[in-house]
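J.: Next input, structure requested:
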Amino acid sequence: MKIKTIDFSKFSSFKIGPKIDVSVLEDEKDFLPLTKNDNELIGSCNNLLISDNPPPLYMLSKKYDYIKIEDNFLKIGAATPSGKIASFCKKNNIANFEFVSHLPGTLGGLVFMNAGLKEYEIFNNLVQITTDKELVKKEDIEYGYRYTNISDIILEASFSISYGFDTDKVEMFKKMRSNQPSTASAGSCFKNPVGDYAGRLIEEVGLKGVHKGNMCFSNEHANFLVNNGNGKFEDAIYLIEEAQKRVFEKFGILLECEIGVLDKSL
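T.: Sure, this is the predicted structure:
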């Protein structure tokens with residue numbers, strides 16, 4: 001198994017984390033260590049907050065970075081970046097993936113969390129996934145808003161194909177993202193509760209713009225926990241827990257993290 005040294009303070013979208021070795025998975029034998037429960041598979045770290053003491057980390061090799069049209073399906077490797085998917089669909093006039101260019105990450109992570117923008121979700125056109133253990137059809141996967149019950153390693157996903165790339169949708173998604181900060185973050189910190197918005201709740205409990213060290217809930221969008229430079233994992237966790245505490249006390253709603261937190265002690 002190959003090893004890749006990654007500085008997560010530069011690699012992750014949060015710009016937080018240590019410089020450590022990550023195991024790179026390529027061949028079937030490489031997946032055997034992942035039968036244990038004390039490790040984590042990462043992609044491009046666009047929705048992960050990583051401590052200085054994370055569990056053993058793994059990532060897929062470039063072998064799983066591909067896009068192809070085969071048997072009337074769009075087949076995408078799990079290590080394929082979202083920008084590459086969007087460019088391929090635009091070039092080949094493929095519809096229903098216009099929103100992907102505004103969802104940073106790799107295909108595996110997008111499928112694992114059923115990523116999307118409002119009603120436009122990655123599962124809308126999903127047909128099946130290939131994992132390290134088996135082929136799984138969409139109807140056999142439990143999924144919902146920013147959620148799936150997938151527990152195995154996603155290697156590939158197959159999607160139905162419709163033609164007619166829509167540039168108007170691209171502009172619509174761009175406008176939907178226009179109020180979001182460009183400061184280092186992992187996107188939306190919390191999932192929106194049913195019938196409400198996490199950003200509104202965070203603002204209502206007085207945490208919009210509030211700092212802990214160099215971390216804060218953005219003044220541009222309260223549901224974005226941002227790193228204003230050299231932010232610390234501990235300060236990010238403090239703000240996350242403080243938001244959950246205050247929102248629950250005032251509204252009886254427990255905010256659920258949309259970001260993943262990797263730390264051995266949690």
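
J.: What part of the chain, helix or strand, is modelled with the least confidence?
T.: helix 167-176 (a mean of 84; mean pLDDT, DSSP states H and E).

J.: For the helix or strand just after that helix, give the mean pLDDT please.
T.: For helix 167-176, the succeeding helix or strand toward the C-terminus, using DSSP states H and E, is strand 184-188. Across strand 184-188, the average pLDDT comes to 91.

J.: Could you check the very next helix or strand once past strand 184-188 and say which residues are buried?
T.: Remark: after strand 184-188, the chain's next helix or strand is helix 198-204, criterion DSSP H and E. For helix 198-204, a neighbour-count test (16 or more other C-beta atoms under 10 Å) marks Ala198, Gly199, Leu201, Ile202, Glu203 as buried. Any C-beta I mention is one placed from the backbone N, CA and C, and that applies to glycine too.

J.: counting contacts, what elements does helix 198-204 pack onto?
T.: Judged by 3 or more C-beta pairs under 8 Å, 6 or more residues apart in numbering; DSSP states H and E, helix 198-204 is in contact with helix 233-251.

J.: so what's Ala79 up against?
T.: Counting by C-beta atoms under 8 Å, 6 or more residues apart in numbering, Ala79 touches Gly43, Met59, Leu60, Ser61, Lys62, Lys63, Tyr64, Asp65, Thr106, Leu107, Gly108.

J.: Go through the buried residues of helix 198-204 and name the one nearest Arg146.
T.: Arg146 has its nearest neighbour among the buried residues of helix 198-204 in Ala198, at 11.2 Å by C-beta to C-beta.

J.: any idea how far the closest one lies from Phe190?
T.: For Ala198, the distance to Phe190 equals 4 Å [C-beta to C-beta, to the nearest Å].

J.: what do you get for Ser158?
T.: Distance from Ser158 to Phe190, by C-beta to C-beta: 31 Å.

J.: which stretches of the protein have low pLDDT?
T.: Scanning the chain for pLDDT under 70 picks out the ranges 33-38, 178.

J.: At the geometric centre of it, which residue do we find?
T.: Among the residues of the chain, the one closest to the centroid is Asn47, at 4.4 Å (C-alpha atoms, centre = their mean).

J.: for it, what are its contacts?
T.: Here Asn47 is in contact with Ser13, Gly105, Gly109, Met113, Ala186, Gly187, Glu258, Ile259, Gly260 (C-beta under 8 Å, 6+ apart).

J.: Could you tell me how many residues sit around the first one?
T.: The tally of other residues near Ser13 (other C-beta atoms under 10 Å) stands at 19.

J.: Helix, strand or coil: sort out the residue nearest to it when sequence neighbours are not counted for me.
T.: Leaving aside its sequence neighbours, Ser13 sits nearest to Asn46 (C-beta to C-beta, 6 or more residues apart in numbering; 4.5 Å). With DSSP: H, G, I helix; E, B strand; the rest coil as the basis, Asn46 sits in coil.

J.: Is there a neighbour count for Gly83? I'd like the number.
T.: Neighbours of Gly83 (other C-beta under 10 Å): 14.

J.: hey, where'd the helices end up in the stretch 1-150 of the chain?
T.: Along the stretch 1-150 of the chain, counting by DSSP state H, counting those that start in this stretch, helices occupy 8-11, 82-91, 107-112.
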